[in-house]
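Asker: Have a look at this fold, sequence not included:
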């Protein structure tokens, strides 16, 4: 069962993107999540964005809420991204997702919506997993995760990590994510 957006919603999304100088292909990044343990580091996201931009020259749009501080951190370090965090409602975000080439980011609702729109998703999984209801569903999409003994540690990522560092996220390299995203464009 796929989600749909109307032609008017698509037209409106194109108009919004045009206001930010996006007239062609782009990738959506969704770094934020309701639970901090599911959020990968801003420096790794910046590295992935730089690599995508250098190898493909495709624009990157950040989506999320105005509460997603990581998006502000990323856009402060990388002025080539278009940060639409907090500037869209759910239907506008859906239209922007539906027009994108590919989507990547944390295990969060907008990535699941992107898949329901038929988009290729590269989902970064740390404390959650397919077994706990996280992860991707489409064959064209990828779960990017580490296979370590302590995960999954939480159904939704809200539990604090009991290890000295959060290896499930720290061990995921930016090169692994950038290769997956570039391959999906």
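Answerer: Structure's in. What do you need? Source: prediction; values computed, not measured.

Asker: three-state assignment of the residue most central in space within the chain?
Answerer: Centroid check for the chain by Cα atoms, centre = their mean gives residue 105 as the closest residue, at 2.4 Å. The three-state assignment at residue 105 reads strand, by DSSP: H, G, I helix; E, B strand; the rest coil.

Asker: Give me the pLDDT for residue 1.
Answerer: Here, the pLDDT recorded for residue 1 equals 49.

Asker: Using the centroid of the protein, identify the residue furthest from it.
Answerer: The chain, Cα atoms, centre = their mean, max distance from centroid: residue 164 (26.1 Å).

Asker: ok, the residue nearest to the centre of the chain - contacts?
Answerer: By Cβ atoms under 8 Å, 6 or more residues apart in numbering, the residues touching residue 105 are 28, 29, 30, 31, 32, 111, 123, 124. No exception for glycine: its C-beta is placed from N, CA and C like everyone else's.

Asker: Have a look at those residues and tell me the least confident one.
Answerer: residue 32 (88).

Asker: Just confirm that one contacts residue 83, I think it does.
Answerer: No. Residue 32 lies out of contact with residue 83 (Cβ atoms under 8 Å); the separation is 11.2 Å.

Asker: List the contacts of residue 9.
Answerer: 91, 92, 94, 95 are the contacts of residue 9 under Cβ under 8 Å, 6+ apart.

Asker: thinking residue 154 is in contact with residue 37, fair?
Answerer: Yes. Counting by Cβ under 8 Å, residue 154 touches residue 37, with 7.1 Å between them.

Asker: Give me the common contacts of these two.
Answerer: In contact with both residue 154 and residue 37: residue 127, using Cβ under 8 Å, 6+ apart.

Asker: could you list every residue that touches residue 106?
Answerer: With the criterion set at Cβ under 8 Å, 6+ apart, residue 106 makes contact with 30, 31, 32, 33, 38, 39, 40, 123, 124.
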